[in-house]
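K.L.:
A structural model of the following input is requested.
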Amino acid sequence: MQERRKSQRIGFNLKIALIQEGGGVIEILRPNIGWGGIGGYTRDPVEAGKGIEIEVFFEQRSGEMTSEKLSGKIVWARRDGNFNALGISFSEVSRASHPRLLSYLQYIDQAD
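P.N.:
Got it, this is the predicted structure:
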């Protein structure tokens with residue numbers, strides 16, 4: 001398969017919630033993240049071209065969970081065995097509204 005990603009993707013252990021238009025939640029398995037978006041697998045039905053809300057959860061040293069929400073779009077989806085593979089592009093990521101996500105992306109860039 002030809003590589004179509006514009007940004008490198010790294011596997012991670014953050015919890016991600018994908019909220020579809022209409023409120024349904026998609027469970028994402030084996031997620032990977034990069035500057036341009038998130039990819040992964042799901043058992044849930046997904047459709048390319050659909051807008052989606054992404055909530056990324058970050059565990060603090062205190063054990064408390066905080067999260068940041070951002071918009072995205074499912075840019076591709078395909079069947080892969082018993083799962084659906086998908087790629088989501090971020091609509092906009094800014095330091096003002098997504099400081100933890102940007103910090104995390106910078107950290108994984110340095111770890112590479």
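K.L.:
only C-alpha atoms from now on, for both contacts and neighbour counts.
P.N.:
Fine.
K.L.:
what's the longest strand in the protein?
P.N.:
For the chain, the longest strand by residue count, based on DSSP state E, is strand 65-80.
K.L.:
show me what contacts Thr42?
P.N.:
Counting by Cα atoms under 8 Å, 6 or more residues apart in numbering, Thr42 touches 26-29, 83-86.
K.L.:
right, and Val75 touches Gly49 too?
P.N.:
Yes: under the criterion of Cα atoms under 8 Å, Val75 makes contact with Gly49 at 5.6 Å.
K.L.:
between the two, which one's more packed in?
P.N.:
Val75 (17 against 12; other Cα atoms under 10 Å).
K.L.:
how close does that one get to Lys50?
P.N.:
8 Å (Cα to Cα, to the nearest Å).
K.L.:
please apply the same query to Ala77.
P.N.:
Note on Ala77: its distance to Lys50, by Cα to Cα, is 10 Å.
K.L.:
again, but for Trp76
P.N.:
Using Cα to Cα, we find Trp76 at a distance of 10 Å from Lys50.
K.L.:
only C-alpha atoms, please: export the helix or strand where Leu18 lies in PDB.
P.N.:
Counting by DSSP states H and E, the element that carries Leu18 is strand 15-20. Extracted in PDB, the C-alpha atoms of strand 15-20 (Å, rounded to 0.1, in the frame of the first residue of the first chain):
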ATOM      1  CA  LYS A  15      -7.300   7.900  25.500                       C
ATOM      2  CA  ILE A  16      -9.200   9.200  22.500                       C
ATOM      3  CA  ALA A  17     -13.000   9.700  22.100                       C
ATOM      4  CA  LEU A  18     -14.400  10.300  18.700                       C
ATOM      5  CA  ILE A  19     -17.900  11.800  18.700                       C
ATOM      6  CA  GLN A  20     -19.900  11.600  15.500                       C
END
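K.L.:
what's it packed up against?
P.N.:
The contact analysis (3 or more Cα pairs under 8 Å, 6 or more residues apart in numbering; DSSP states H and E) places strand 15-20 against strand 25-26, strand 51-59.
K.L.:
all set now, cheers.
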